[in-house]
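K.L.:
what's the 3D shape of this:
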Amino acid sequence: MTHLIQFLFSLIASSARTRLSLQLEVAMLRHQLSVYRTERRRPRISSSDRLLWSFVSKWWSGWREALYFVQPRTVVAWQKRRFRDYWRALSQHGRPGRPKIAPELRQLIKRMWQANPTWGSPRIVSELQMLGIAVAKSTVERYKPRYRKPPSPSWRTFLEQHAHELASIDFFVVPTATLKVLFVLVVLVHDRRRIVHFNVTEHPTAQWTAQQLTEAFPFDTAPRYLLRDGDGSYGRQVQRRIRSLGTKEVITAPASPWQNPYVERVIGSIRRELLDHVIVLNERHLKRLLSSYLDYYLPWRTHRSLARDAPDHRPVRSAKPAHVIDFPAVHGLHHYYLPRVA
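P.N.:
Residues are numbered from 1 along each chain as shown. Next comes the predicted model:
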């Protein structure tokens, strides 16, 4: 009954309208019906449909009553977008904008940002100008690397510039099956991530630690800088031994393991790759396990920071997949692979 009353009212109202208005409404309703016929689910509005309704809405006042497949505000948004695109194309005619720079120049700008974290964009622009390369300041800032948590620029620069002169020492504890706690001292050289010395003790005194430093750096092999934390095991005897080696100690801030990242990463690797898979019986057993891991770590274990090379420089040996042989290491926990000898 309701639909019948609506039909009668619409019939009476249409009798008072002009013939042109009725023809427009019929045409637009047929257009929407054709859109719905071509699409089974949600109709896809093409650019020609947007152009048609933008034109009709400008010249016909009753277009809203004949619109069903989108909202009227959508048509208004089409009009604004068409107006904006028209004047944008008109204003940019003959001037496409700033030309794109070469990929090699983009890589050079990124490399400059990464290698010089204390520089700003004007400094990089000036450096490029000295090379005969004219680049805008906004272009240099556009290709600045974005980091989620940027590290301290000065500390990172120090580590990178002095990697060949840096070494780190740190302790970590290992519980045994007899409920004892053993302390392991690791001495790491930064340039090739080499573990040059380790030892195990149940009571890490300052005298014992100083002796380990002497064994780690015999003759004239001591580094220029030695990173350590503020642990109480590094007493006055250790400090005097460090000075006697001609080394300057760099003490990290309290509760800041990120300031000594290389040795912390090595300790984490030892835990994940060895100690988390075995039960340590005593001090002798732990030394034997660490020795076997070190025999694998130095010549075979690859590092991403070393361009996927090993600390002792593992040469590349080409081989076909069918001719590769695996060799167990660290009591079968790890393996290294070599080509079969013909």
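
K.L.:
what segments of this structure are helices?
P.N.:
2-15, 19-38, 47-59, 72-91, 103-115, 121-130, 137-142, 153-161, 206-216, 236-244, 261-273, 283-300 (DSSP state H).

K.L.:
so for residue 315, which of those sits nearest?
P.N.:
Set against residue 315 and scored by CB to CB, the helices of the chain come closest in helix 283-300, at 10.3 Å. Backbone N, C-alpha and C define where each C-beta goes, glycine included.

K.L.:
and residue 289, how far from residue 171?
P.N.:
Separation of residue 289 from residue 171 (CB to CB, to the nearest Å): 17 Å.

K.L.:
quick one, what contacts residue 301?
P.N.:
By CB atoms under 8 Å, 6 or more residues apart in numbering, the contact set of residue 301 is 310, 311, 334.

K.L.:
I'd guessed the last one sits against residue 269; true?
P.N.:
Pointing back at residue 334 there. No: using CB atoms under 8 Å, residue 334 is not in contact with residue 269, being 11.2 Å away.

K.L.:
of the contacts of residue 301, keep whichever come out buried.
P.N.:
310, 311, 334 (16 or more other CB atoms under 10 Å).

K.L.:
for stretch 173-184, buried residues please.
P.N.:
Here stretch 173-184 shows 174, 176, 182, 183, 184 as buried, counting by 16+ other CB under 10 Å.

K.L.:
quick one, what contacts residue 208?
P.N.:
residue 201.

K.L.:
check what pLDDT it gets.
P.N.:
Residue 208 is assigned 94 on the pLDDT scale.

K.L.:
any idea how far residue 198 is from it?
P.N.:
13 Å.

K.L.:
cool, residue 242 as well?
P.N.:
In terms of CB to CB, residue 242 sits 18 Å off from residue 198.

K.L.:
OK, contacts around the residue lying closest to residue 203 once chain neighbours are set aside?
P.N.:
Excluding the flanking residues, the one nearest residue 203 by CB to CB, 6 or more residues apart in numbering is residue 183, at 7.9 Å. For residue 183, the contact set (CB under 8 Å, 6+ apart) comprises 171, 172, 173, 174, 200, 201, 202, 203, 204.

K.L.:
now for the residues you listed: which two are most distant?
P.N.:
Across the contacts of residue 183 (CB to CB), the longest gap, 15.5 Å, separates 172 and 203.

K.L.:
ok, the two, which is more surrounded?
P.N.:
residue 172 (17 against 8; other CB atoms under 10 Å).

K.L.:
neighbours around the nearest residue to that one once chain neighbours are set aside, how many?
P.N.:
The shortest distance from residue 172 to any non-neighbouring residue, by CB to CB, 6+ apart, is to residue 267 (4.9 Å). Residue 267 sits with 18 neighbouring residues when counted by other CB under 10 Å.

K.L.:
ok, residue 267 touching residue 169?
P.N.:
No: look at residue 267 against residue 169 with CB under 8 Å: they stay out of range, at 11.1 Å.

K.L.:
tell me the domain ranges of this structure?
P.N.:
20-91, 103-150, 158-306 (automatic domain parsing).

K.L.:
how far off centre is the shortest one?
P.N.:
Once both centres are worked out by CA atoms, centre = their mean, to the nearest Å, domain 103-150 turns out to sit 19 Å from its chain's centre.

K.L.:
now stretch 240-259
P.N.:
Using CA atoms, centre = their mean, the offset of stretch 240-259 from its chain centre is 30 Å.

K.L.:
pLDDT weak spots in the protein?
P.N.:
1-26, 28-44, 53, 55, 58-69, 92-98, 118, 147-160, 342 (pLDDT under 70).
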